[in-house]
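Visitor: with the input below, show me the fold.
(one chain, ligands or ions: 1)
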Amino acid sequence: MAEKYPFTIEQFYKFVSERKLMAAKCKKCGTMLLPPRPMCTKCFSSDLEWVELKNKGKLLTYTVIHVSSKQFESLIPYAVGIVKLGDGPKLPGMIQDVEPEKISVGMSLEVDFDTTIPSEWPTWPRYFFKPS
Ligand SMILES: [Zn+2]
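Guide: Reported below is the predicted structural model:
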């Protein structure tokens, strides 16, 4: 299906606005490119396809943010973590719907979406993680 879409971060966020988490996958060696790139970073093939990622994963590491940009000030303190999605790639993102002190490495998280377009930059829809 997806080869008509460019392998860019803009396209990644267009998929997010459709509540889909997508990565570019190399058809030659299977490497997942996230953020997407027009060429495989491992074998330099440009024979890629978009694949939908699993929306569940485990938390690898996280940090709690106490000082943030204006856009997220109302959410302080909030946690940002890196989540390994199923057998797929690692993805950084905000962790919501849980108290920061209840977050622990290894916990199961799932992806959710906030498709409201913010009025200030970056004017992209967001994905975030929440306990599953
Ligand atoms: Zn490759």
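Visitor: neighbours around E18, how many?
Guide: Neighbour count for E18, taken as other C-beta atoms under 10 Å: 11. C-beta: built from backbone N, CA, C; applies to glycine.
Visitor: what about it, distance to T116?
Guide: Per C-beta to C-beta, to the nearest Å, E18 is found 14 Å from T116.
Visitor: L33 now?
Guide: In terms of C-beta to C-beta, L33 sits 27 Å off from T116.
Visitor: neighbouring contacts of stretch 76-89?
Guide: With C-beta atoms under 8 Å, 6 or more residues apart in numbering as the test, stretch 76-89 has contacts from 21, 23, 32, 34, 53-68, 72, 90-96, 98, 100, 103, 109, 111, 129.
Visitor: first vs last residue of it, how far apart are they?
Guide: Taking C-alpha to C-alpha, to the nearest Å as the measure, stretch 76-89 stretches 27 Å from start to finish.
Visitor: now do it: distance to the chain's middle.
Guide: On the basis of C-alpha atoms, centre = their mean, to the nearest Å, stretch 76-89 sits 8 Å off its chain's mean C-alpha point.
Visitor: where do the strands sit along this protein?
Guide: With DSSP state E as the criterion, the chain has strands at 22-26, 32-33, 48-52, 56-65, 78-85, 90-95, 108-114, 126-131.
Visitor: deepest in the core, which of the ones you listed is it.
Guide: strand 22-26 (a mean of 22; mean count of other C-beta atoms under 10 Å).
Visitor: many thanks, have a good one.
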